[in-house]
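Trainee: Quick one, fold the following:
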Amino acid sequence: MSYRALWRNRNFRLLFTASIGTNMGDGVLAVALPWFATLLTRDPFLIGLVAMARALPWLIFGLPMGVITDRHDRRRLILFADGLRLILVLALGLLALVAVPGTGAVLTLAGLAFLLGSAEVLRDNTAQSILPLVVEPDQLERANGQMWSAEELTGRFIGPPLAGLLIGLSLATPFGFFSAMMLISLIFVTMLRLRPAPPPPDSAFVDALKEGLRYLFSRPELRRLAMVLGLFNFLYYMTVTVLVLYAQDILGLGALGYGALLSGQAIGGLLGSLLGPGLIIRLGTRRSLLVGMFGFVLTCAAMALGAPLWVIAPLFITEGLTSMLWNIVTVSYRQRTIPAEMFGRVNSAYRFFGSGMMPLGALAGGTLVSVAASMGPASLQLPFGLAAIGGLGMILYSARYLRIS
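Mentor: Next up, the predicted model:
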């Protein structure tokens, strides 16, 4: 199926346009939220607490959200989640206007981040469940590639440096911008007309949840993918939690420079989303998965050794490209192999193990740097060293045990 046929699909065009709005807002928030935390405190543990709070809902709500996705209209669920995110980000903007630095303000920020993350769990799980109702099975790689392209271009290339500019105007401005992007998304999702979804499970809520877990654990490759993703997300969040402090204290970057550094990942991710389907065909799915993990390990190793910015910046581009191969392969594999009537439950079980490790990694990163504070700025390099070693172990495990096609 050609790209032209894909773009003739009205519902895909609407979904794609809505994703531009949400991803642009997410890209701005990716810089504004941790930067806000560093203005309220310099304690790595408290900064890690904010990151953990936003990721914690994956551990708490990841499983039940999948059952909810299978039982309710998926378009309405996205509208509800994005409407809730709109309200919460407006509250963040208000907090930015009135907050006084200190522990109380940080805990308030963490509470809002937790609620925002809860809405994101519902939104993200439902969005992946919608795509198979919009495009044909043989269009999934191309559709996912296009969706990832939009996410990389708007959310990770344009959004982060734009956040730096908006922060320069006022700390509340990025949150106002995010609110506007949510409104755009809500308008286009309202216009969606999906194919009929499979009938909801007739089993009780807890039984339906168990069905998703049983399916995941009965498929060895799917189970192994979830476990590898979980460990990598632990390592990733252990580093990304303190990345804002690393950028400030070791690389000497301001808000604009930090946003530009994150955009480097987006440049690579955009290339990966465009070139990924072709590269996956040439490399094969298994090799693509291994290459997808290697960029992260290489970047962490360089940061652990205190490499200069001119070395780290290109590695961020490489990491963005390689990680996109992992994303395209694993998302398309799940969408193709999981039955449509069970997708919400099984996908949420997969992401419970894959994403549920994120808050633990965030807490570990902040705690590690806080405990090692006597080392000075060098303490910020420790999480990256551990992530490089752990990531290499995951690559070796995957080379031996992962077999998907």
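Trainee: State the helix or strand in which residue 29 lies.
Mentor: Applying DSSP states H and E as the criterion places residue 29 in helix 10-40.
Trainee: Who are the packing partners of that helix?
Mentor: Counting contacts by 3 or more CB pairs under 8 Å, 6 or more residues apart in numbering; DSSP states H and E, helix 10-40 packs against helix 44-71, helix 74-98, helix 103-130, helix 140-150, helix 159-169, helix 173-190, helix 220-249, helix 255-283. The C-beta positions use only the backbone N, C-alpha and C, and glycine is treated the same way.
Trainee: per-residue confidence averaged over it?
Mentor: For helix 10-40, mean pLDDT rounds to 87.
Trainee: OK, contacts around residue 248?
Mentor: The neighbourhood of residue 248, defined by CB atoms under 8 Å, 6 or more residues apart in numbering, consists of 38, 254, 258.
Trainee: could you give the mean pLDDT of stretch 191-208?
Mentor: When the per-residue pLDDT values of stretch 191-208 are averaged, the result is 68.
Trainee: do stretch 248-258 as well
Mentor: Here stretch 248-258 scores 88 as its mean pLDDT.
Trainee: which residues of this structure score low on pLDDT?
Mentor: Within the chain, the stretches falling below the threshold (pLDDT under 70) are 1-5, 137, 141, 148, 152, 195-205, 405.
Trainee: Would you state the helices of the stretch 301-405 of the chain in chain order?
Mentor: Taking DSSP state H, counting those that start in this stretch as the test, the helices found in the stretch 301-405 of the chain are 309-337, 343-355, 358-371, 382-401.
Trainee: so which of those is the most packed in?
Mentor: By mean neighbour count, with neighbours taken as mean count of other CB atoms under 10 Å, helix 343-355 ranks first of the helices of the stretch 301-405 of the chain at a mean of 27.
Trainee: what residues are up against residue 162?
Mentor: Residue 162 makes contacts with 24, 27-28, 177, 259, as judged by CB under 8 Å, 6+ apart.
Trainee: now do 10 Å
Mentor: Counting by CB atoms under 10 Å, 6 or more residues apart in numbering, residue 162 touches 24, 27-28, 31-32, 154, 174, 177, 256, 259, 263.
Trainee: and if you look at residue 308?
Mentor: When contacts are counted by CB under 10 Å, 6+ apart, residue 308 is found next to 250-251, 302.
Trainee: Closest one of those residues to residue 339?
Mentor: Relative to residue 339, the closest of the contacts of residue 308 is residue 302; by CB to CB it sits at 42.5 Å.
Trainee: so who does residue 367 touch?
Mentor: By CB under 10 Å, 6+ apart, the residues touching residue 367 are 44-45, 48-49, 52, 238, 241, 383.
Trainee: how about these in CSV, adding distance to residue 90?
Mentor: As requested, those are arranged in CSV below (distance: CB to CB, whole Å):
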residue, distance to residue 90
44, 29
45, 28
48, 25
49, 23
52, 23
238, 31
241, 25
383, 33
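Trainee: Farthest pair within these?
Mentor: Between any two of the contacts of residue 367, the greatest separation by CB to CB is 15.3 Å, found for 49 and 383.
Trainee: if we can go back for a sec, so which of the helices and strands packed on helix 10-40 is the most surrounded?
Mentor: helix 44-71 (a mean of 23).
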